[in-house]
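K.L.:
For reference, the sequence and a predicted model appear below.
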Amino acid sequence: MAISELQLPAGVNGCAHGDAGQLAEALAQRVAAALRQALAERGQATLVVSGGRSPVAFFEALAQQALPWAQVLVSLADERWVPVNHAASNEALVRRHLLRGAAADARFLSLYQVAGSHEQAAELADAAVAEMADIDVLVLGMGDDGHTASLFPGSAHLRQALQADCPRRVLAMLAPSEPTQRLTLTLPVLARARLPLLAIQGQAKLNTLSAALLPGEIVELPIRAFLHSPLEIHWCP
Ligand SMILES: O=C1O[C@H](COP(=O)(O)O)[C@@H](O)[C@H](O)[C@H]1O
(Lines give C-alpha, C1' and ligand atoms only; values in the text may rest on other atoms or scores of the structure.)
Protein backbone atom coordinates (compact mmCIF):
# COMPACT_ATOMS: atom_id res chain seq x y z
CA MET A 1 0.00 0.00 0.00
CA ALA A 2 1.16 3.58 -0.73
CA ILE A 3 -0.11 6.79 0.81
CA SER A 4 -1.58 7.74 -2.58
CA GLU A 5 -3.94 4.73 -2.26
CA LEU A 6 -5.50 6.01 0.98
CA GLN A 7 -8.85 7.80 0.86
CA LEU A 8 -7.79 10.96 2.67
CA PRO A 9 -10.48 13.44 3.76
CA ALA A 10 -10.78 16.71 1.83
CA GLY A 11 -8.09 19.13 2.94
CA VAL A 12 -5.74 16.36 4.11
CA ASN A 13 -2.76 16.04 1.78
CA GLY A 14 -0.46 13.04 1.62
CA CYS A 15 3.15 13.52 0.47
CA ALA A 16 5.25 10.42 -0.27
CA HIS A 17 9.05 10.60 -0.07
CA GLY A 18 11.58 8.08 -1.39
CA ASP A 19 13.38 7.53 1.90
CA ALA A 20 13.88 8.94 5.38
CA GLY A 21 16.57 11.38 4.23
CA GLN A 22 14.33 12.85 1.54
CA LEU A 23 11.43 13.10 3.97
CA ALA A 24 13.62 14.89 6.52
CA GLU A 25 14.89 17.43 3.98
CA ALA A 26 11.46 18.13 2.44
CA LEU A 27 9.85 18.47 5.87
CA ALA A 28 12.61 20.81 7.07
CA GLN A 29 12.09 23.04 4.02
CA ARG A 30 8.31 23.01 4.50
CA VAL A 31 8.59 23.89 8.20
CA ALA A 32 11.18 26.61 7.58
CA ALA A 33 8.99 28.23 4.89
CA ALA A 34 6.00 28.26 7.26
CA LEU A 35 8.10 29.70 10.08
CA ARG A 36 9.35 32.46 7.73
CA GLN A 37 5.74 33.27 6.85
CA ALA A 38 4.76 33.41 10.54
CA LEU A 39 7.75 35.65 11.27
CA ALA A 40 6.81 37.97 8.41
CA GLU A 41 3.22 38.19 9.68
CA ARG A 42 3.75 38.31 13.44
CA GLY A 43 7.47 38.89 14.09
CA GLN A 44 7.72 35.68 16.11
CA ALA A 45 6.96 32.04 15.47
CA THR A 46 6.05 29.01 17.56
CA LEU A 47 7.18 25.56 16.48
CA VAL A 48 6.03 22.46 18.34
CA VAL A 49 7.72 19.18 17.47
CA SER A 50 7.40 15.57 18.56
CA GLY A 51 9.95 13.26 20.11
CA GLY A 52 10.49 9.53 19.91
CA ARG A 53 13.13 8.00 17.67
CA SER A 54 12.20 9.05 14.15
CA PRO A 55 12.66 12.87 14.07
CA VAL A 56 16.49 12.96 14.33
CA ALA A 57 17.23 13.47 10.60
CA PHE A 58 14.44 16.05 10.32
CA PHE A 59 15.78 17.99 13.33
CA GLU A 60 19.28 18.02 11.86
CA ALA A 61 17.98 19.21 8.46
CA LEU A 62 15.85 21.91 10.12
CA ALA A 63 18.81 23.16 12.18
CA GLN A 64 20.57 23.91 8.85
CA GLN A 65 17.78 26.20 7.66
CA ALA A 66 18.58 29.91 7.53
CA LEU A 67 16.09 31.45 9.98
CA PRO A 68 16.19 34.26 12.57
CA TRP A 69 16.13 31.54 15.22
CA ALA A 70 16.11 34.00 18.14
CA GLN A 71 12.53 34.87 17.12
CA VAL A 72 11.41 31.24 17.17
CA LEU A 73 10.02 29.50 20.23
CA VAL A 74 10.38 25.72 20.14
CA SER A 75 8.46 23.32 22.34
CA LEU A 76 7.25 19.73 22.39
CA ALA A 77 3.88 18.12 21.75
CA ASP A 78 4.72 15.71 24.56
CA GLU A 79 7.43 14.72 26.99
CA ARG A 80 8.41 11.69 28.97
CA TRP A 81 8.48 12.59 32.68
CA VAL A 82 12.18 11.94 33.01
CA PRO A 83 15.02 14.39 33.68
CA VAL A 84 16.71 15.98 30.68
CA ASN A 85 19.82 13.83 31.20
CA HIS A 86 17.73 10.65 30.76
CA ALA A 87 18.19 8.76 27.47
CA ALA A 88 14.41 8.81 26.83
CA SER A 89 13.99 12.58 27.25
CA ASN A 90 12.35 14.24 24.23
CA GLU A 91 13.85 17.57 25.33
CA ALA A 92 17.34 16.06 25.22
CA LEU A 93 16.65 14.86 21.67
CA VAL A 94 15.61 18.35 20.59
CA ARG A 95 18.58 19.98 22.31
CA ARG A 96 21.03 17.49 20.79
CA HIS A 97 19.75 17.46 17.21
CA LEU A 98 17.77 20.67 16.59
CA LEU A 99 18.99 23.40 18.93
CA ARG A 100 22.50 23.47 17.60
CA GLY A 101 24.51 25.89 15.43
CA ALA A 102 22.44 28.97 14.59
CA ALA A 103 19.29 27.17 15.79
CA ALA A 104 20.69 27.20 19.34
CA ASP A 105 19.44 30.83 19.46
CA ALA A 106 15.82 29.59 19.51
CA ARG A 107 14.00 29.74 22.82
CA PHE A 108 12.98 26.37 24.18
CA LEU A 109 9.90 25.94 26.34
CA SER A 110 10.31 22.85 28.45
CA LEU A 111 7.40 20.56 29.33
CA TYR A 112 9.51 18.61 31.83
CA GLN A 113 9.06 19.81 35.41
CA VAL A 114 10.65 18.68 38.64
CA ALA A 115 7.75 17.85 40.97
CA GLY A 116 6.69 15.48 43.73
CA SER A 117 4.29 13.59 41.49
CA HIS A 118 3.46 13.04 37.84
CA GLU A 119 0.14 14.91 38.26
CA GLN A 120 1.87 17.85 39.88
CA ALA A 121 4.43 17.97 37.03
CA ALA A 122 1.54 18.17 34.57
CA GLU A 123 0.04 21.10 36.51
CA LEU A 124 3.38 22.93 36.45
CA ALA A 125 3.79 22.22 32.72
CA ASP A 126 0.24 23.47 32.16
CA ALA A 127 1.19 26.79 33.79
CA ALA A 128 4.43 27.00 31.78
CA VAL A 129 2.59 26.47 28.49
CA ALA A 130 0.15 29.31 29.29
CA GLU A 131 2.76 31.78 27.98
CA MET A 132 3.00 30.02 24.60
CA ALA A 133 1.27 31.73 21.68
CA ASP A 134 -0.86 29.68 19.31
CA ILE A 135 1.28 27.13 17.48
CA ASP A 136 2.37 28.19 13.99
CA VAL A 137 3.84 24.85 12.95
CA LEU A 138 3.07 21.54 14.64
CA VAL A 139 4.97 18.41 13.65
CA LEU A 140 3.23 15.33 15.00
CA GLY A 141 4.53 11.78 14.95
CA MET A 142 2.50 8.61 15.44
CA GLY A 143 3.15 5.29 17.12
CA ASP A 144 2.13 1.97 15.58
CA ASP A 145 -0.71 1.92 18.16
CA GLY A 146 -2.20 5.13 16.75
CA HIS A 147 -1.03 7.40 19.57
CA THR A 148 0.17 10.85 18.73
CA ALA A 149 1.85 13.30 21.13
CA SER A 150 1.31 11.27 24.36
CA LEU A 151 -2.38 10.66 23.64
CA PHE A 152 -2.23 6.91 24.25
CA PRO A 153 -5.21 4.58 23.69
CA GLY A 154 -6.47 3.42 27.08
CA SER A 155 -4.70 6.10 29.14
CA ALA A 156 -6.71 7.38 32.11
CA HIS A 157 -6.96 11.02 31.03
CA LEU A 158 -7.35 10.36 27.31
CA ARG A 159 -11.02 11.36 27.00
CA GLN A 160 -10.37 14.56 28.94
CA ALA A 161 -7.31 15.41 26.80
CA LEU A 162 -9.31 14.89 23.59
CA GLN A 163 -12.20 17.16 24.59
CA ALA A 164 -12.41 20.18 22.31
CA ASP A 165 -13.08 22.36 25.38
CA CYS A 166 -10.55 20.70 27.72
CA PRO A 167 -9.52 23.52 30.11
CA ARG A 168 -6.08 21.97 30.65
CA ARG A 169 -3.21 22.68 28.22
CA VAL A 170 -1.12 19.79 29.58
CA LEU A 171 -2.23 16.53 31.17
CA ALA A 172 -0.42 13.59 32.73
CA MET A 173 -0.77 10.46 30.61
CA LEU A 174 0.37 6.86 30.94
CA ALA A 175 2.09 5.08 28.06
CA PRO A 176 2.12 1.28 27.66
CA SER A 177 5.92 1.31 27.38
CA GLU A 178 8.79 2.74 29.42
CA PRO A 179 8.99 5.46 30.50
CA THR A 180 5.28 5.19 31.22
CA GLN A 181 4.77 8.61 32.79
CA ARG A 182 4.21 11.22 30.09
CA LEU A 183 3.11 14.83 29.75
CA THR A 184 1.06 15.80 26.72
CA LEU A 185 -0.38 18.92 25.18
CA THR A 186 -4.14 18.52 24.97
CA LEU A 187 -6.32 18.65 21.87
CA PRO A 188 -7.40 22.33 22.09
CA VAL A 189 -3.76 23.50 22.15
CA LEU A 190 -2.68 21.15 19.36
CA ALA A 191 -5.78 21.78 17.24
CA ARG A 192 -5.13 25.53 17.10
CA ALA A 193 -1.91 24.96 15.12
CA ARG A 194 -1.92 26.99 11.92
CA LEU A 195 0.03 24.34 10.04
CA PRO A 196 -0.36 20.80 11.41
CA LEU A 197 1.98 18.22 9.87
CA LEU A 198 2.18 14.49 10.51
CA ALA A 199 5.46 12.72 9.74
CA ILE A 200 5.50 8.92 9.67
CA GLN A 201 7.85 6.26 8.37
CA GLY A 202 7.33 2.64 7.43
CA GLN A 203 4.57 0.28 6.35
CA ALA A 204 3.34 -0.45 9.89
CA LYS A 205 2.51 3.21 10.50
CA LEU A 206 0.84 3.49 7.11
CA ASN A 207 -1.32 0.48 8.02
CA THR A 208 -2.26 2.19 11.30
CA LEU A 209 -3.10 5.36 9.41
CA SER A 210 -5.22 3.37 6.97
CA ALA A 211 -7.12 1.81 9.92
CA ALA A 212 -7.57 5.22 11.53
CA LEU A 213 -9.25 6.51 8.38
CA LEU A 214 -12.03 3.94 8.81
CA PRO A 215 -15.00 4.92 10.99
CA GLY A 216 -14.30 4.24 14.67
CA GLU A 217 -13.72 5.63 18.12
CA ILE A 218 -11.10 8.39 18.52
CA VAL A 219 -10.05 6.91 21.87
CA GLU A 220 -9.07 3.64 20.12
CA LEU A 221 -6.76 5.40 17.65
CA PRO A 222 -6.18 8.96 18.95
CA ILE A 223 -4.50 10.05 15.69
CA ARG A 224 -8.10 10.18 14.38
CA ALA A 225 -8.54 13.50 16.21
CA PHE A 226 -6.17 15.09 13.67
CA LEU A 227 -7.25 13.42 10.42
CA HIS A 228 -9.20 16.34 9.05
CA SER A 229 -8.49 19.57 7.21
CA PRO A 230 -5.98 21.14 7.45
CA LEU A 231 -3.31 18.43 7.66
CA GLU A 232 -0.29 17.47 5.62
CA ILE A 233 0.97 13.91 6.03
CA HIS A 234 4.58 13.20 5.09
CA TRP A 235 5.42 9.51 4.70
CA CYS A 236 8.30 7.39 3.50
CA PRO A 237 8.75 3.61 3.37
O1 LIG B 1 6.65 8.16 22.48
C2 LIG B 1 6.57 8.87 21.51
O3 LIG B 1 6.28 8.29 20.32
C4 LIG B 1 5.78 9.02 19.20
C5 LIG B 1 6.18 8.26 17.94
O6 LIG B 1 7.62 8.16 17.92
P7 LIG B 1 8.37 7.54 16.67
O8 LIG B 1 9.81 7.54 17.01
O9 LIG B 1 7.81 6.16 16.49
O10 LIG B 1 8.06 8.43 15.50
C11 LIG B 1 6.26 10.45 19.19
O12 LIG B 1 5.56 11.17 18.20
C13 LIG B 1 6.07 11.07 20.57
O14 LIG B 1 6.48 12.42 20.59
C15 LIG B 1 6.91 10.29 21.54
O16 LIG B 1 6.90 10.82 22.86
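P.N.:
Here it is on my side, so go on.

K.L.:
make it CA atoms for all contacts and neighbour counts henceforth
P.N.:
Noted.

K.L.:
how close does the nearest residue to A20 once chain neighbours are set aside get to Q65?
P.N.:
Residue nearest to A20 in three dimensions, not counting chain neighbours: C236, with 6.1 Å by CA to CA, 6 or more residues apart in numbering. In this view, C236 and Q65 are 21 Å apart by CA to CA, to the nearest Å.

K.L.:
With neighbour numbers in mind, choose between the two.
P.N.:
C236 (21 against 17; other CA atoms under 10 Å).

K.L.:
per-residue confidence for the residue nearest to A20?
P.N.:
You'll see C236 listed with a pLDDT of 98.

K.L.:
what do you get for M1?
P.N.:
86.

K.L.:
How much space separates P153 from A26?
P.N.:
From P153 to A26 the distance is 30 Å (CA to CA).

K.L.:
These two: which is more packed in?
P.N.:
Set side by side, P153 and A26 show more neighbours around P153, with 22 against 18, by other CA under 10 Å.

K.L.:
biggest helix in this structure, by residue count?
P.N.:
helix 20-42 (DSSP state H).

K.L.:
quick one: the helix or strand that that one is followed by near the ligand?
P.N.:
Past helix 20-42, heading to the C-terminal end, the next element that is a helix or strand (DSSP states H and E) is strand 45-49. No - for a cut-off given as CA under 6 Å from any ligand atom, strand 45-49 has no contacts with the ligand; the smallest distance is 7.5 Å.

K.L.:
Please name every helix or strand in contact with strand 45-49.
P.N.:
For strand 45-49, the packing partners by 3 or more CA pairs under 8 Å, 6 or more residues apart in numbering; DSSP states H and E come out as helix 20-42, strand 72-76, strand 137-140.

K.L.:
so which of these comes closest to the ligand?
P.N.:
Proximity to the ligand (CA to the nearest ligand atom) singles out strand 137-140 among the helices and strands packed on strand 45-49, at 5.7 Å.
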